[in-house]
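Asks: The following comprises the amino acid sequence and a computationally predicted model.
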Amino acid sequence: MHIADGILTGPVLIAGFAGTAILAALTMRRMDLEEIPKISVITAVFFIASLIKFPIGPSSVHLILNGLAGVVLGWRAFPAIMLGIILQTVLFGHGGVTVIGVNSIMLGGGALLAYLVWQLRLRFEFPKREVVFGTLAGATGIISSGIVLALALLTAGEAFVATAGYVLAAHVPIMIIEAAVVGACTGFLARVKPEVLAGQTGIRAR
Amino acid sequence: MPLDIDRFSHIESTIQRWDPRVKIASLAILIFGVALLKTLPMSVAALVMAFILMTISALPYHFVMHSMQWVILFLLPFFLILPFSYPGAADNHLLGLSFTWEGLRLATLIFVKALAIVLTSFALFGSARFDISMIALQRLKCPPMLIQMLLFTYRYTYTLLEEMRRMNTSMKARGFVPGTNGNTLRTYGNFVGTLLVRSFERTERIYKAMLSKGYRGEFHTLVTFRSGITDYVKAVIVLIVAAGLVVTDFSGHFSVATDGWY
């Protein structure tokens, strides 16, 4: 889910770029040399995983996985998602140059919130907590992005109130699908290679 | 395959020969100018300009249209929602729904502007190889770390795409058929998890290989850029067009889309 060119007003577009610059500077602080290739490769994973389509009747929705990015990369999920959005703009030819900032805040902000939800698991102790909090993080990533998208549409004028409502409603089924996929994925990673998960061994959590 | 903006970047044209640094700077200004437009006539003028740019860039029609299909599909809902949800008195009733011309005007404005921006971006990024565009961006003072990460991600996207295809084939060979059910969701979760585990291990090897080749956080390139008088002439033409569109749009000669068609 992302917003297209030609809808938002100038000030909102500029605010999007300014907010993205600030968040990127904050989330990329103290980045080691070693992290550059690592974050890039994981970004590539998320980039191609978002090409996976889940069938719903005759149509399909594609995975977004911004919540999972938060779970795996922690704070570094924001630059990763920003990279993904820039790459998508340049490679797919679907436009989006003017909304790189707004879309980064929308999806990257969702990833950061998902990471915060994911970290809450450390306060609990029960057998399947990675699955439960993975599911919650996946849902958080999508629904918070949906809310930001709806708010962005509202800034474009009164005419978009109904559109914003439909957009938010459309995020509910996507949220359910993502929550299930991310929950299954975090459960799998916790069993197979827990050090991939942010904050699991303390290596990647900063 | 949607991931191949580079496919026709070798085609010789006035745009392709343009110094990428100057090209990116001036076309980006044009794109942001178009994003600010509020009146229909100027948006249509911007669309005409975008078509002219496309024609000059000599990119094949089918290549551009393939991507445009998706953009149009994405924008169609606005035509279905806005005319029927625009606040205010309804002009007509269509199948029991209140229909407003203002809503239709707004949807048309968004549609025309978006098409103009997408076509201009095509001329911008389709006329040079991805890595050359990125190096040009770095010369335009984009943070080097960001550019490096973009180049890495781009490079590994193709490697991982191959890996994903292999995993997909083996899943099919074991009888997996995606459907609207919980099993498919779980399988996709494990699929992404496997991809992450493999890539995580791969990143360790990549980093060691890079270190052993002397990586110290910088990329070196043999690409050099030269800009001459013709590059700047092209830039001036584009900037005049951009300024013309924005100034005419704001001058009040035309009414904004919600108040009238022109």
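Replies: Thanks, I have it. Residues are numbered from 1 along each chain as shown, chains lettered A, B, ... in the order given.
Asks: show me the contacts for residue A:197.
Replies: Under the criterion of CB atoms under 8 Å, 6 or more residues apart in numbering or on different chains, the contact list for residue A:197 reads A:71-72, A:130, A:186, A:189-190. Using the backbone N, CA and C atoms, a C-beta is placed for each residue, glycine as well.
Asks: dump the residue contacts of the closest residue to chain A within chain B.
Replies: In chain B, the residue that lies nearest chain A is residue B:189 (2.6 Å; CB to the nearest CB). For residue B:189, the contacting residues are A:180-185, A:187-188, by CB under 8 Å, 6+ apart.
Asks: Would you reformat those as TSV and include distance to chain B and neighbour count?
Replies: As requested, those are exported to TSV (distance: CB to the nearest CB, whole Å; neighbours: other CB atoms under 10 Å in any protein chain shown):
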residue	distance to chain B	neighbour count
A:180	4	21
A:181	5	31
A:182	7	37
A:183	7	26
A:184	3	24
A:185	4	34
A:187	7	21
A:188	4	23
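Asks: Pipe those residues into JSON lines and attach pLDDT per row.
Replies: Below are these laid out as JSON lines (pLDDT from 0 to 100):
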{"residue": "A:180", "pLDDT": "95"}
{"residue": "A:181", "pLDDT": "95"}
{"residue": "A:182", "pLDDT": "95"}
{"residue": "A:183", "pLDDT": "96"}
{"residue": "A:184", "pLDDT": "95"}
{"residue": "A:185", "pLDDT": "95"}
{"residue": "A:187", "pLDDT": "94"}
{"residue": "A:188", "pLDDT": "95"}
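Asks: so for stretch B:255-262, what's the average pLDDT?
Replies: For stretch B:255-262, mean pLDDT is 78.
Asks: Check stretch B:133-147 too.
Replies: 91.
Asks: re earlier: check the contacts of residue A:197 against chain B, which are close?
Replies: A:72, A:186, A:189 (CB under 8 Å from any CB of the partner chain).
Asks: Please list only the buried members of the residues you listed.
Replies: A:72, A:186, A:189 (16 or more other CB atoms under 10 Å in any protein chain shown).
Asks: Check which helices and strands the helix or strand hosting the first one is in contact with.
Replies: Residue A:72 belongs to helix A:66-73 when elements are defined using DSSP states H and E. Under the contact criterion of 3 or more CB pairs under 8 Å, 6 or more residues apart in numbering or on different chains; DSSP states H and E, the helices and strands touching helix A:66-73 comprise helix A:35-49, helix A:77-92, helix A:100-119, helix A:129-155, helix A:161-192.
Asks: go again using 6 Å as the cut-off
Replies: helix A:77-92, helix A:100-119, helix A:129-155, helix A:161-192 (3 or more CB pairs under 6 Å, 6 or more residues apart in numbering or on different chains; DSSP states H and E).
Asks: So which helix or strand of the chain has the lowest pLDDT on average?
Replies: No chain specified, so I'll use chain A. Counting by mean pLDDT, DSSP states H and E, chain A has its least confident helix or strand at strand A:59-62, which shows a mean of 80.
Asks: that's the wrong chain, I meant chain B
Replies: Per mean pLDDT, DSSP H and E, bottom of the list for chain B is strand B:92-94, a mean of 73.
Asks: Would you enumerate the residues in contact with residue B:136?
Replies: B:20-21, B:24 (CB atoms under 6 Å, 6 or more residues apart in numbering or on different chains).
Asks: Go again with 10 Å.
Replies: By CB atoms under 10 Å, 6 or more residues apart in numbering or on different chains, the residues touching residue B:136 are B:19-25, B:128, B:142, B:147, B:223, B:225.
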